[in-house]
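Peer 1: Sharing a model prediction with you, sequence too.
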Amino acid sequence: MTKKIVVTGIGATSPIGGTAQESWEALLAGESGTRSMEHDWVEQYGLPVTFAAEAKVRPEEVLERVEYKRLDPSSQFALISAREAWADAGSPDVDPIRVGVDYSTGIGGLWTLLDAWDTLKEKGPRRVLPMTIPMLMPNAAAAAISMSIPSRAYARTDVSACASSTEALTNAYEHLQKGLADVVIAGGTEAVVHPLPIAAFASMQALSKRNDDPSTASRPYDISRDGFVLGEGAATLVLETEEHALARGARIYAELAGGAVTSDSFHITAPDPEGSAAARAMLGALEQAGASIEDVRHINAHATSTPVGDIAEYKALLRVFGDLLPGIPVSATKAATGHLLGGTGALEAIFTVLALYHRTAPPTINLTEQDPLIPLDVVTTPRALGDGPLLAISNSFGFGGHNAVVAFRSYESH
């Protein structure tokens with residue numbers, strides 16, 4: 001029998017807020033998290049892009065020094081958001097062997113890796129820190145969470161570029177259905193605002209170069225969009241079976257109704273321009289949710305603000321929804337947050353959950369002239385989603401042709 005899976009806790013540290021609630025309020029207010037970078041290395045390396053969407057609250061302001069020093073920034077963000085989500089869920093009194101972790105990252109402990117390489121070159125092997133490997137490994141975030149919030153059912157990590165944390169949510173759904181845990185801490189993190197990734201992304205013409213006006217650089221669907229904005233942070237959702245949540249009297253935000261993962265098998269960086277596999281992921285999520293295309297009342301789009309990617313996603317949406325598409329409100333929240341790579345899907349899942357919980361679609365900022373080739377109903381000011389049952393999907397697509405989609409349903413208490 002299919003179990004109902006619900007969201008009982010949320011946590012985030014993002015470019016627009018130090019918590020999930022702060023991030024949501026800033027999103028509704030139309031704030032941008034993109035700012036010029038104030039690091040010596042920007043000028044030192046002559047970077048062609050001088051801005052990013054850095055986390056609004058720095059980890060050292062939140063974590064104890066001993067924790068901060070033993071974790072890569074990616075794990076720092078993950079731990080902060082996971083602790084918030086767990087507390088928001090009421091710090092459930094659950095046997096640790098019934099708590100699992102499904103966490104993700106696109107790149108992992110990049111700062112640790114590159115700092116250690118610099119140390120090796122400049123100071124020799126004896127000066128390389130003994131914690132280097134535990135800090136740089138991609139599963140470090142999941143491990144840190146599982147030790148902080150005792151989670152002994154399992155602690156798993158998936159790495160699928162920008163689809164990573166949406167894929168983690170689909171994994172969590174399946175693990176709860178299989179009975180591997182009663183509660184799962186799921187999400188994703190990224191911390192690669194570093195000169196090397198910025199130089200590399202810029203080299204492949206993926207980043208916006210609006211150095212003179214950073215706050216408007218991420219502009220999904222705008223005719224003048226010229227690339228994405230690199231972001232950082234983490235987001236976490238606490239998921240559990242409805243039976244378990246009701247038994248402990250938990251507050252329920254929404255139902256995670258389903259999810260699906262597909263592969264383009266097309267190109268290592270470019271999306272399939274026809275969007276066929278992305279469309280299958282959307283349809284798969286709806287099928288698992290027991291929903292039809294007519295049920296969808298809101299879409300949180302991947303919408304990175306790249307010239308090619310936004311159109312490819314539109315074509316995928318058109319494949320799925322056809323004539324119904326113009327009537328579905330679409331939010332592109334990366335306009336405010338930038339692109340958190342492996343953490344972006346979980347953050348957008350939280351925004352989708354809160355859109356259902358508050359029955360309000362969040363705005364897409366920086367859209368001044370919509371591309372006529374993408375005639376979506378883009379939400380530009382907070383919009384009421386109306387009464388009755390609501391269903392929304394959140395899309396994530398990543399390098400390598402990874403597609404992941406989750407479907408959420410508004411929760412109607414019994």
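Peer 2: Okay, I see it. In this text, all values refer to a predicted model and were calculated from it rather than measured experimentally.

Peer 1: what's the closest non-adjacent residue to Thr19?
Peer 2: Glu84 (5.8 Å; C-beta to C-beta, 6 or more residues apart in numbering). Every C-beta, even on glycine, is put in place using the N, C-alpha and C of the backbone.

Peer 1: Please name every helix or strand in contact with the strand or helix carrying that neighbour.
Peer 2: With elements taken from DSSP states H and E, the one containing Glu84 is helix 73-88. Helix 73-88 is packed against strand 5-13, helix 20-28, helix 65-69, strand 99-105, helix 110-123, helix 140-148, strand 183-190, strand 233-241, with contacts defined by 3 or more C-beta pairs under 8 Å, 6 or more residues apart in numbering; DSSP states H and E.

Peer 1: just the angle between the first one and strand 183-190, please?
Peer 2: With axes from the mean of the first three to the mean of the last three C-alpha atoms, to 10 degrees as the basis, strand 5-13 and strand 183-190 are set at 40 degrees to each other.

Peer 1: How far does strand 5-13 sit from its chain's centre?
Peer 2: 13 Å (C-alpha atoms, centre = their mean, to the nearest Å).

Peer 1: Which other helices and strands does it contact?
Peer 2: Where contact means 3+ C-beta pairs under 8 Å, 6+ apart, strand 5-13 is packed against helix 20-28, helix 73-88, helix 164-177, strand 233-241, helix 242-247, strand 254-263, helix 344-357.

Peer 1: for the third one, same thing?
Peer 2: Judged by 3+ C-beta pairs under 8 Å, 6+ apart, the packing partners of helix 65-69 are helix 73-88.

Peer 1: hey, C-alpha coordinates of the helix it packs on in CSV?
Peer 2: In CSV, the C-alpha atoms belonging to helix 73-88 read as follows (Å, rounded to 0.1, in the frame of the first residue of the first chain):
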residue,chain,number,x,y,z
PRO,A,73,31.8,25.2,3.9
SER,A,74,29.5,22.9,2.0
SER,A,75,29.0,20.8,5.2
GLN,A,76,28.7,23.9,7.3
PHE,A,77,25.8,25.1,5.3
ALA,A,78,24.2,21.6,5.3
LEU,A,79,24.5,21.2,9.1
ILE,A,80,23.0,24.7,9.7
SER,A,81,20.0,24.0,7.5
ALA,A,82,19.4,20.5,8.8
ARG,A,83,19.4,21.6,12.4
GLU,A,84,16.9,24.3,11.6
ALA,A,85,14.7,21.8,9.8
TRP,A,86,14.9,19.3,12.6
ALA,A,87,14.0,21.9,15.2
ASP,A,88,11.2,23.2,13.0
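
Peer 1: doesn't Gly401 make contact with His267?
Peer 2: Yes: using C-beta atoms under 8 Å, His267 and Gly401 qualify as a contacting pair, with a distance of 6.9 Å.

Peer 1: Neighbour count: these two, which is higher?
Peer 2: A direct count of neighbours by other C-beta atoms under 10 Å for His267 and Gly401 places Gly401 higher, at 22 against 12.

Peer 1: Report the contact partners of that one.
Peer 2: Each residue near Gly401 by C-beta atoms under 8 Å, 6 or more residues apart in numbering is listed here: 263-268, 271-272, 277.

Peer 1: Highest neighbour count among these?
Peer 2: The residue in these with the most neighbours, by other C-beta under 10 Å, is Pro271 (27 neighbours).

Peer 1: show me where pLDDT drops low in this structure?
Peer 2: By pLDDT under 70, the low-scoring segments of the chain are 413-414.

Peer 1: switch to 50 and redo it
Peer 2: Low-confidence segments of the chain (pLDDT under 50): 414.

Peer 1: can I see the domain layout of it?
Peer 2: What the record gives for the chain is the domain set 5-247, 259-410, from automatic domain parsing.

Peer 1: Export these to JSON lines and append columns for distance to Tyr253.
Peer 2: Rendered in JSON lines, the data for the domains of the chain read as follows (distance: least, C-beta to C-beta, whole Å):
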{"stretch": "domain 5-247", "distance to Tyr253": "4"}
{"stretch": "domain 259-410", "distance to Tyr253": "5"}
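
Peer 1: How about Gly9: what's its closest non-neighbour residue?
Peer 2: Ala89 (2.8 Å).

Peer 1: Check the burial of the one you found by counting its neighbours.
Peer 2: Residues lying near Ala89 (other C-beta under 10 Å) number 26.

Peer 1: Surely it and Ala250 touch.
Peer 2: Yes: between Ala89 and Ala250 a contact is recorded at 6.5 Å, counting by C-beta under 8 Å.

Peer 1: Need the overlap of contacts for those two.
Peer 2: Thr8.

Peer 1: Can I take it that Pro273 is in a strand?
Peer 2: No: the assignment for Pro273 by DSSP: H, G, I helix; E, B strand; the rest coil gives coil, which leaves it out of any strand.

Peer 1: quick one, what contacts it?
Peer 2: 308, 311-312, 315.

Peer 1: can you list those in a markdown table and add neighbour count?
Peer 2: As requested, the contacts of Pro273 are exported to a markdown table (neighbours: other C-beta atoms under 10 Å):
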| residue | neighbour count |
| --- | --- |
| Val308 | 13 |
| Ile311 | 17 |
| Ala312 | 20 |
| Lys315 | 18 |
